[in-house]
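> sequence isn't available, so here's the structure alone:
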C-alpha cells in the first residue's frame, strides 16, 4: 500500500525515474514517511487507551506479594507495556516502596518503562523490519531484568529517606482521568497529538537522512566502510549514530 502510494506520487505524479538518485531518494522518503506515521498513530492511540485503563495503583497491587522472580517478570513486562509519563514515576516509586515491593523489582520496572519505547519499536519495524525491532525489545527486557538485580545487590533500601517509608499510598496524589469510553478515547487522541506533534520533525529528519543515503550513497560504499568486518566498524557506526539518534524515538 505504502509503496504503491510512493510510486503514484513520485513516479506517476512528479515524473521522476526510479533509476535516478533523486527519484530513488524521494520514493524512499515518501514510502517511509507514510508508513511510519500510519503505524505511529495506530500504536500511540492503542498505548494511550492502555494507559487510560491501567493506573499505577493497579500495577502496584498486581505486583504486590509475588515471589521475587515472578514479581520481577511482571514488573519488567508491565514496564514495557505501560510507559507511564514522568509525572507518574515518583508516585509510582513511592507506592512500590510503601507496598513493600523490593527496590530491585521497582528498578526493573522503572528501567523497562522508558527503555522499551513503543514509538521507537514501530519505527524500527517500519525501517529495519520486525526481527531487529524484536531484538530491541528483548534487549530492553534483559537490561531491565539484570539492571534491577544489580541494583538489588547494592541493597538500595538503606539509602531511602526515612520519611518515604512512612508515606501511605492514599497520600500520593495521582492525576485523575475520565474512565469512560469517551474519556479514554479523548485521552488516547490527545496522546497521539502530543507525541506526534513532538517528534514529527525528527521523523522527517531521520527519514530524510536515510533517503539521502538510499539514493546517493552506493551500497558498495556502505559495505566497504561499515560492513567490512574490521574492528572499527561498530565504533564507527556508533559515532555516526550519536548525532542522528538523540533519543529513543529519534
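Now that the structure is in, tell me what you want to look at. Not measured: the values here are computed from a predicted model.
> what segments of the chain are helices?
Taking DSSP state H as the criterion, the chain contains helices spanning 2-6, 21-53, 56-63, 68-81, 86-98, 103-115, 118-128, 130-153, 162-166, 181-216, 219-226, 233-244.
> looking at those, which is buried most?
helix 103-115 (a mean of 24; mean count of other CB atoms under 10 Å). Yep, even glycine has a C-beta here, placed from its N, CA and C like the rest.
> can you tell me the average pLDDT over that helix?
Mean per-residue pLDDT for helix 103-115: 81.
> with stretch 150-164 instead?
Per-region confidence: stretch 150-164 scores 74 on mean pLDDT.
> sorry, back to before: any chance of the helices of the chain in a markdown table with distance to residue 13 as columns?
Shown next, in a markdown table, are those (distance: least, CB to CB, whole Å):
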| stretch | distance to residue 13 |
| --- | --- |
| helix 2-6 | 10 |
| helix 21-53 | 10 |
| helix 56-63 | 49 |
| helix 68-81 | 41 |
| helix 86-98 | 43 |
| helix 103-115 | 41 |
| helix 118-128 | 22 |
| helix 130-153 | 30 |
| helix 162-166 | 61 |
| helix 181-216 | 17 |
| helix 219-226 | 27 |
| helix 233-244 | 30 |
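> which among these is found nearest to residue 12?
With respect to residue 12, and counting by CB to CB, the nearest of these is helix 2-6 at 10.1 Å.
> mean confidence score for that closest one?
Per-residue scores along helix 2-6 average to 86.
> how about stretch 234-250?
For stretch 234-250, the per-residue pLDDT averages 58.
> residue 14: which of the helices of the chain is closest?
Closest among the helices of the chain, once you apply CB to CB, is helix 21-53, at 7.1 Å.
> low-confidence ranges in this protein?
51, 54-62, 64-65, 82-100, 160-179, 218-229, 237-250 (pLDDT under 70).
> try it again with 90
1-25, 27-133, 136-137, 140, 144, 148, 151-250 (pLDDT under 90).
> and residue 115, how far from residue 133?
14 Å (CB to CB, to the nearest Å).
> check contacts around the nearest residue to residue 121 once chain neighbours are set aside.
Distances taken as CB to CB, 6 or more residues apart in numbering put residue 133 closest to residue 121, at 5.2 Å, once the chain neighbours are dropped. By CB atoms under 8 Å, 6 or more residues apart in numbering, the residues touching residue 133 are 121, 122, 124, 125.
> if we use 7 Å, what do you get?
Contacts here follow CB atoms under 7 Å, 6 or more residues apart in numbering; on that basis residue 133 touches 121, 124, 125.
> could you measure from the closest residue to the last one other than its chain neighbours over to residue 118?
Which is residue 125. Nearest residue to residue 125 in three dimensions, chain neighbours excluded: residue 133, at 4.4 Å (CB to CB, 6+ apart). Distance of residue 133 to residue 118, given as CB to CB: 10 Å.
> how about residue 106?
Taken as CB to CB, the span from residue 106 to residue 118 is 21 Å.
> and the helices of the chain: which comes nearest residue 15?
So among those, helix 21-53 is nearest, using CB to CB, at 9.1 Å.
> would you quantify the distance from residue 31 to residue 24?
Separation of residue 31 from residue 24 (CB to CB): 11 Å.
> which residues touch residue 29?
With CB under 7 Å, 6+ apart, residue 29 has these contacts: 207, 208, 211.
> for the residues you listed, give me JSON lines that also has distance to residue 144.
Formatted as JSON lines, the contacts of residue 29 follow (distance: CB to CB, whole Å):
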{"residue": "207", "distance to residue 144": "29"}
{"residue": "208", "distance to residue 144": "32"}
{"residue": "211", "distance to residue 144": "34"}
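> between the residues you listed, which is closest to residue 139?
Distances from residue 139 to the contacts of residue 29, taken by CB to CB, are shortest for residue 207, at 23.3 Å.
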